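Chemist: Take this sequence and fold it.
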Amino acid sequence: MSLLRTGLLLLPALLLACSTSRSMPDAPAPLPAPDGARLLTSGPEAFADACRKDLDSARALRTHLLGLDAKSAQQEVLTTYDTLTSHVQLAASRASVARNAHPDAAMREVADACELEAEKLSSELALDRGLYDALAAVDVASLDATTRHWVERALSELRRAGVDRDAETREKIQALNEELTRISQEFGRNIREDVRHVDLLPEQLAGMPADYVAAHPVREDGRVRITSDYPDYVPFMAYARDAKAREALWRAYRKRGHPANIEVLKQLIAKRQELATTLGYPHWAAYVTENKMVKTAEAADAFITQVAEATRIPAEREMAELLELKRRDVPGATRVEPWDQAFYEDRLRAERYGFDSQEARPYFEYDRVLSGVLDVTSLMFGIRYDPVADAPIWHPDVRAFDVVDTTTGGALGRIYLDMHPRADKYKHAAQFDLVNGQAGKRLPEGVLMCNFPKPGGASPALMQPTEVETFFHEFGHLLHHIFAGHLRWNAQSGIKTEWDFVEAPSMLLQQWGTHAESLNRFARHHATGEAIPAGLVRQMTAANEFGKGLSTRRQMFLAAVSLHMYDQPSGVDPHAVVAELQPRFEPMRREADGDDTWFELAFGHLDGYSAIYYTYIWSSVIAEDLLTVFKDEGVLNPAPALRYRKAILAAGGSKDAADLVQDFLGRPYTFQAYADWLAEPPPALAKPALSKP
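Modeler: Just a heads-up that it's a prediction; the model follows:
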């Protein structure tokens, strides 16, 4: 199995990377200035040449390592092994950023090829019995505890990759890995390049905010074009009064990737199944869960069932309330359609809590939100962000900042923010590694790719409150990458925990996108500068509690789709899996609508997370427990934030995730805080009913 791609998105990192504990350095030694993005501005030929050099360096180091006597040169074996894998990781990370964000098609093509080569070499290294034997010959008893932990985990991952199989089997595994890389790239490309649209009459924009209408002028044909990109789609589904227009956009959105990805997704699932059985597992889900906190596919399924059952009654209650509201507009309505949900949830929140999300948008202009995210995280974690005006960037929208520790003055790394939609760019919101940091060698560099409204147009770039949460969420990944990038071994440095923990830091930080204490520091009206009213924040906080039953069950539906696409011993029909599972989890017709919608073809996590989308709620359970400390000590109190930075974020993959959490909490984490949150009813802030629009 390739050590670069194990069905996990956004971290093209070697899975032998897992271990040693090392405290956050008090004063980082001077290192070369971050320069990981320069090759993204150098042109296809130079980019390809750098890729070849990195991979050739890894091959040369492999040859050197195989000539060493592991018993007499233990440290050299470890250092050489760690360095050769870092060269592959660097090439793959750089290529992943380029193929997902570069505006030049030629660069994206070269990046595709580089990533394929990096994946191929990674698989070769994972299946190289000589490398395994050299690492296994190291006397782990003589090593410090953290290095021993790394070596033991590395050997385990190599065995999971198939290194201990016979030559014929290893050859088959290598071929499967290469084919999976190609299929994965095709699946993502078909999503990235497929932007759908609907052309509507101007009156069908009734209910939309004035800035949205201004940003979508009437075309020469008398129509207004609304696309499936997030800044168009999300507000339209929440505010447009015309149900037929909402339905048209909803259906267009759920046809992305169709028909191109029908066969591609089937191939992806089938090849992973073949790889899993070749490695001795009954199915891919069994393989991919084995080295996670959850351990087994059966445990993942039990977790999904547990959470779904805990939300069944709240979701049914919420759905009944939405239907009652819809019947005011459509007397005799028997169900809430999927294109109705966001619209009526927004209406209900306005009526029950006096919260109209359109009233909040003027306080969330993009540049102010950016300043707020930087300000809040600076205060919490003892850092500052220095703009880098001359940083090499691959598109004019990209902004670069150096992250500096305010206590020591030492540089911690560099972040790049690529935050606005454009053609052929990654369509969702995610953090990408660019450079994996390592103590004494290089600083970490990370990239945030989002699709938020872009300032500078005819109208202000106003964000939905949910987009503010998303900003904080993804920034949590970015900080995790930066803080964790200062450990001794590349194999342990960076976000190298079990994969079902990696969302926990982000699920935690997104809470700061809703807390009054943090909103008060940056939420200002874009025109007047007035601070967001305290009453509006209270209403928004209360309103956010409505819908948690429906939204959590939606997540469990997606988790079940993810798991059951991959836990069958024989091939599956992805469309049939969706049709079977949807009514079990969601109290409305949503995806199972004949052949008219194909949401699974653009569900990118079926590639990246493969069978383990349950990760998001699993991580939410842990994050809710972590949050109890901040609730007790203060959400903007730097003391718990700095303890959290040191115990969990800066620790990288130095320990098992459960141990990292226990280091911070002083006890094992539990499900209780999350269960309490689910069971807690929304606050009673009843308001007079609004007149229907």
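
Chemist: CA atoms only for the host helix or strand of residue 539, dumped as PDB, please.
Modeler: Under the criterion of DSSP states H and E, residue 539 resides in helix 534-545. Backbone C-alpha positions of helix 534-545 (Å, rounded to 0.1, in the frame of the first residue of the first chain) are rendered in PDB as follows:
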ATOM      1  CA  ALA A 534     -25.100  41.700  21.900                       C
ATOM      2  CA  GLY A 535     -28.800  40.800  21.300                       C
ATOM      3  CA  LEU A 536     -28.100  39.600  17.800                       C
ATOM      4  CA  VAL A 537     -25.300  37.400  19.100                       C
ATOM      5  CA  ARG A 538     -27.600  35.900  21.800                       C
ATOM      6  CA  GLN A 539     -30.200  35.300  19.100                       C
ATOM      7  CA  MET A 540     -27.700  33.700  16.800                       C
ATOM      8  CA  THR A 541     -26.300  31.500  19.500                       C
ATOM      9  CA  ALA A 542     -29.800  30.300  20.500                       C
ATOM     10  CA  ALA A 543     -30.800  29.900  16.800                       C
ATOM     11  CA  ASN A 544     -27.700  27.800  16.100                       C
ATOM     12  CA  GLU A 545     -29.000  25.200  18.500                       C
END
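
Chemist: which residues touch that helix?
Modeler: Applying C-beta atoms under 8 Å, 6 or more residues apart in numbering, the contact partners of helix 534-545 are 349, 352-355, 357, 359-360, 363, 465, 514, 516, 519-520, 523, 680-683, 685. Yep, even glycine has a C-beta here, placed from its N, CA and C like the rest.

Chemist: Just those: which are in helices?
Modeler: Among these, the members found in helices (DSSP state H) are 349, 352, 353, 357, 359, 360, 465, 516, 519.

Chemist: now that we have these, which one has the most neighbours?
Modeler: residue 519 (26 neighbours; other C-beta atoms under 10 Å).

Chemist: ok, now how distant is the residue most central in space within the chain from residue 235?
Modeler: Centroid-nearest residue in the chain: residue 430, 4.6 Å away (criterion: C-alpha atoms, centre = their mean). Using C-beta to C-beta, to the nearest Å, residue 430 is found at 21 Å from residue 235.

Chemist: My understanding was that residue 119 contacts residue 183; is that so?
Modeler: No. Here residue 119 does not reach residue 183: they are 11.4 Å apart, not a contact under C-beta atoms under 8 Å.

Chemist: Have a look at the two and say which one is more surrounded.
Modeler: A count of neighbours by other C-beta under 10 Å puts residue 119 above the other of residue 119 and residue 183, at 25 against 21.

Chemist: For the more buried one, report the pLDDT, please.
Modeler: Note for residue 119: predicted pLDDT of 91.

Chemist: now swap in residue 591 and tell me
Modeler: pLDDT at residue 591 comes out at 56.

Chemist: same thing with residue 23?
Modeler: pLDDT, read off for residue 23, is 37.

Chemist: again with residue 145
Modeler: Residue 145 carries a pLDDT score of 87 in this model.

Chemist: And the one 5 residues further on, by the same measure?
Modeler: Per-residue confidence at residue 150 stands at 93 (pLDDT).

Chemist: And for residue 646, the neighbour number?
Modeler: Residue 646: 15 neighbours (other C-beta under 10 Å).

Chemist: Tell me the spacing between it and residue 404.
Modeler: Distance, residue 646 to residue 404, using C-beta to C-beta: 17 Å.

Chemist: what does residue 161 give?
Modeler: From residue 161 to residue 404 the distance is 39 Å (C-beta to C-beta).

Chemist: and the two? which has more neighbours close in?
Modeler: Between residue 161 and residue 404, counted using other C-beta under 10 Å, residue 161 has the larger neighbour count: 26 against 18.

Chemist: Helix, strand, or coil at residue 199?
Modeler: Secondary structure state of residue 199, per DSSP: H, G, I helix; E, B strand; the rest coil, is strand.

Chemist: Just to check, it is in contact with residue 220?
Modeler: No. Counting by C-beta under 8 Å, residue 199 stays clear of residue 220, with 11.5 Å between them.

Chemist: Which of those two has more residues huddled nearby?
Modeler: residue 199 (13 against 5).

Chemist: give the contact list for the more buried one.
Modeler: Counted by C-beta under 8 Å, 6+ apart, residue 199 has contacts 219, 221, 223, 224, 225, 226.

Chemist: Dihedrals phi and psi, the second one?
Modeler: When quoted as degrees, to the nearest 10, the phi and psi of residue 221 stand at phi -80, psi 10.

Chemist: What count of nearby residues applies to the closest residue to residue 539 other than its chain neighbours?
Modeler: Counting by C-beta to C-beta, 6 or more residues apart in numbering, the nearest residue to residue 539 once its immediate chain neighbours are dropped is residue 355, at 3.8 Å. Residues near residue 355, counting by other C-beta under 10 Å, number 26.

Chemist: And residue 100, by the same measure?
Modeler: Neighbours around residue 100, by other C-beta under 10 Å: 22.

Chemist: Give the full set of residues in contact with it.
Modeler: 188, 192, 425, 426, 432, 449.

Chemist: Most neighbours among these, which one?
Modeler: residue 432 (26 neighbours).

Chemist: Look up the residues forming beta bridges with that one.
Modeler: residue 447 (DSSP bridges).

Chemist: which residue packs closest to residue 232, ignoring adjacent ones?
Modeler: Residue 232 sits nearest to residue 226 (C-beta to C-beta, 6+ apart), 5.0 Å away.
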